[in-house]
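Undergrad: Need the 3D shape of this:
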Amino acid sequence: MAFLAVYAGAALTIPRIPVAKADPNAPADVTVYLHTNGVHTDIVLPVVSPEFDWRPLLPYANLPSQDSSLPYVGFGWGDKGFYLDTPTWADLKLSTAFVAAFWLGSAAMHTTYFRTMTPGPQTIELQLSRAEYARLVDYIRTSFRQDAQGHFEHIKGHSYAENDAFYEAPRVYSFLYTCNTWTNNALKASGQRACLWTPTDTGIFNIYGH
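TA: Predicted structure coming up:
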């Protein structure tokens, strides 16, 4: 009980400590988005931009729909077992949650493709400079496990719907390093406003006034 109380206190207070944008005067060259489903955050980028083309690494052929007209791709890191075995909250098992929380599982990247992105309560628009965007791309790329040829390792036969796909990822999920911690660290890596640390989407969205 004491441990849970300490963790709950940290999860409520530390996310309120902000990390400032590294360069407040950075030009607005590339638009990206933070998106939440109410629990889990994704970073949403253009599939193709003058700065980077994700198609060679993330072919549309890996989507069940194979729809190559979708212009945005969202990136989320998380526990592999949780991702693959829990398509809805009704499917959540105590064993899955325990393995995820205590460093006992492995990780995966989830890519979700979007037709449009509209700022709102669940979606924040961010403007990055080319240099900031390059750092964000590097952070995301290193979050995928790659084979000897440098290809991302697609997890075949798994998706939630028609326009998403899973890939193998390094690191291990835990209650200290969650999917939202990964997103928050992506913001730090690219010089954006962020929390000092957060396990939840609420911490990130509060920093941006949502």
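
Undergrad: For Thr112, the count of nearby residues, please.
TA: Using other C-beta atoms under 10 Å, Thr112 has 21 other residues around it. (C-beta placed from N, C-alpha, C; glycine too.)

Undergrad: mind listing what the residue most central in space within the chain touches?
TA: In the chain, the centroid-proximal residue (C-alpha atoms, centre = their mean) is Gly76; its distance is 2.8 Å. Gly76 makes contact with His40, Thr41, Asp42, Ile43, Met109, His110, Thr111, Thr112, Cys179, Trp182, Thr183 under the criterion C-beta atoms under 8 Å, 6 or more residues apart in numbering.

Undergrad: Same check on Thr178?
TA: Here Thr178 is in contact with Gly78, Pro199, Thr200 (C-beta under 8 Å, 6+ apart).

Undergrad: Beta-bridge partners for the first one, please?
TA: The partner list for Gly78 in beta bridges (DSSP bridges) reads Ala108.

Undergrad: Assign Gln127 to helix, strand or coil.
TA: With DSSP: H, G, I helix; E, B strand; the rest coil as the basis, Gln127 sits in strand.

Undergrad: so what's it scoring on pLDDT?
TA: Looking at Gln127, its pLDDT stands at 98.

Undergrad: any idea how far Ile204 is from it?
TA: Gln127 sits 17 Å away from Ile204, taking C-beta to C-beta, to the nearest Å as the criterion.

Undergrad: Same question for Ala5.
TA: According to C-beta to C-beta, Ala5 and Ile204 sit 23 Å apart.

Undergrad: More neighbours: which of the two?
TA: Between Ala5 and Ile204, Ile204 has the larger neighbour count (other C-beta under 10 Å), namely 23 against 9.

Undergrad: ok, Gly9 - how many residues close by?
TA: Neighbours around Gly9, by other C-beta under 10 Å: 10.

Undergrad: Assign a three-state SS to it, would you?
TA: helix.

Undergrad: Which residue ranges of this structure form strands?
TA: Using DSSP state E, the strands found in the chain span residues 18-19, 30-36, 41-46, 72-79, 107-114, 123-128, 164-169, 194-195.

Undergrad: Distance to His154 added to those, as a markdown table?
TA: Listed next are those as a markdown table, based on distance: least, C-beta to C-beta, whole Å:
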| stretch | distance to His154 |
| --- | --- |
| strand 18-19 | 33 |
| strand 30-36 | 22 |
| strand 41-46 | 18 |
| strand 72-79 | 14 |
| strand 107-114 | 10 |
| strand 123-128 | 27 |
| strand 164-169 | 6 |
| strand 194-195 | 30 |
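
Undergrad: wait, which of the contacts of Thr178 is closest to Asp147?
TA: Gly78 (21.0 Å; C-beta to C-beta).

Undergrad: Is the closest one in contact with Val172, as I believe?
TA: No. Assessed by C-beta atoms under 8 Å, Gly78 is found out of contact with Val172, at 11.0 Å.

Undergrad: what do the two both touch?
TA: Common contact partners of Gly78 and Val172 (C-beta under 8 Å, 6+ apart): Ala107.

Undergrad: Could you check how far His151 is from Tyr173?
TA: Distance from His151 to Tyr173, by C-beta to C-beta: 23 Å.
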